[in-house]
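*Asks:* the sequence isn't on hand, but the structure is:
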């Protein structure tokens, strides 16, 4: 991590970036000194959890490069299929603007990612002082809402079971010595990474065990090649439900 002043100095020295070259450099040019001093430039690898659902609201994120998957589960157990945020997008700002105490959606790095992290109170003060920043934030939030509604419609409301199976299929590690796939993470981490609450997650695991699609061993979820095929068949069934 480095603060924004160091980040800009590094870019100017090694990349010869001018302020007019990108949205990010324009955003940074709008930053008052108190924002620059409090903010950080962060680089993280793919699949890192950036904001976890129910974590305290502590900062806003401005994406510099890479993509973020945003997943949210409703009380009904339905999942809002991952929304993708791109460079120049803002995340965490809805919770800040609404004065919420907890993050409402899980945000995961879909690719390797770089972003600017601004503390919540500092971001609010900056918004109060800059109409241009406020317009950028509103444009970003409104555009992403409209884009996802236009492209997905009601189809984005899928069973949380669908997302759980998708997570298993994508993240299982194969152990050739045992001819088994396994998920190397705690239930709590699976809950955060999928956006599915723990109660729902345990219910899904029980159902899948009862139907012979998975096994558990020392709290690890494991499945064979034939069980993987059954999981994929069920995945397709839910996908077209």
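*Replies:* It's in. Here the structure is a predicted model, which means the values were calculated and not measured. Numbering: from 1, shown residues only.
*Asks:* how about the residue nearest the centre of the chain: what's its closest non-neighbour residue?
*Replies:* For the chain, the residue lying nearest the average C-alpha position, counting by CA atoms, centre = their mean, turns out to be residue 107 (1.8 Å). Nearest residue to residue 107, sequence neighbours excluded (CB to CB, 6 or more residues apart in numbering): residue 51, at 3.9 Å. (Each C-beta comes from the backbone N, C-alpha and C, glycine too.)
*Asks:* tally of neighbours for residue 88?
*Replies:* When neighbours are counted by other CB atoms under 10 Å, residue 88 registers 17.
*Asks:* now residue 100
*Replies:* Under the neighbour criterion other CB under 10 Å, residue 100 is assigned a count of 12.
*Asks:* identify the residues contacting it.
*Replies:* Residue 100 is in contact with 57, 94, counting by CB atoms under 8 Å, 6 or more residues apart in numbering.
*Asks:* can you report phi and psi for it?
*Replies:* Residue 100 has phi and psi values of phi -80, psi 150 when expressed as degrees, to the nearest 10.
*Asks:* could you check the pLDDT of it?
*Replies:* What the model reports as pLDDT for residue 100 is 93.
*Asks:* quick one: least confident helix or strand in the chain?
*Replies:* Confidence across the helices and strands of the chain bottoms out at strand 157-159, with a mean of 60, counting by mean pLDDT, DSSP states H and E.
*Asks:* average model confidence for the next helix or strand after it?
*Replies:* Under the assignment DSSP states H and E, the closest C-terminal helix or strand after strand 157-159 is helix 160-171. Mean pLDDT, helix 160-171: 90.
*Asks:* checking the residue sitting furthest away from the middle of the chain next. Helix, strand or coil?
*Replies:* In the chain, counting by CA atoms, centre = their mean, residue 177 sits farthest out from the average C-alpha position, at 33.5 Å. State at residue 177, reduced to three classes by DSSP: H, G, I helix; E, B strand; the rest coil: coil.
*Asks:* the residue nearest to residue 107: neighbouring residues, count only.
*Replies:* Applying the criterion other CB under 10 Å, we find 22 residues in the vicinity of residue 51.
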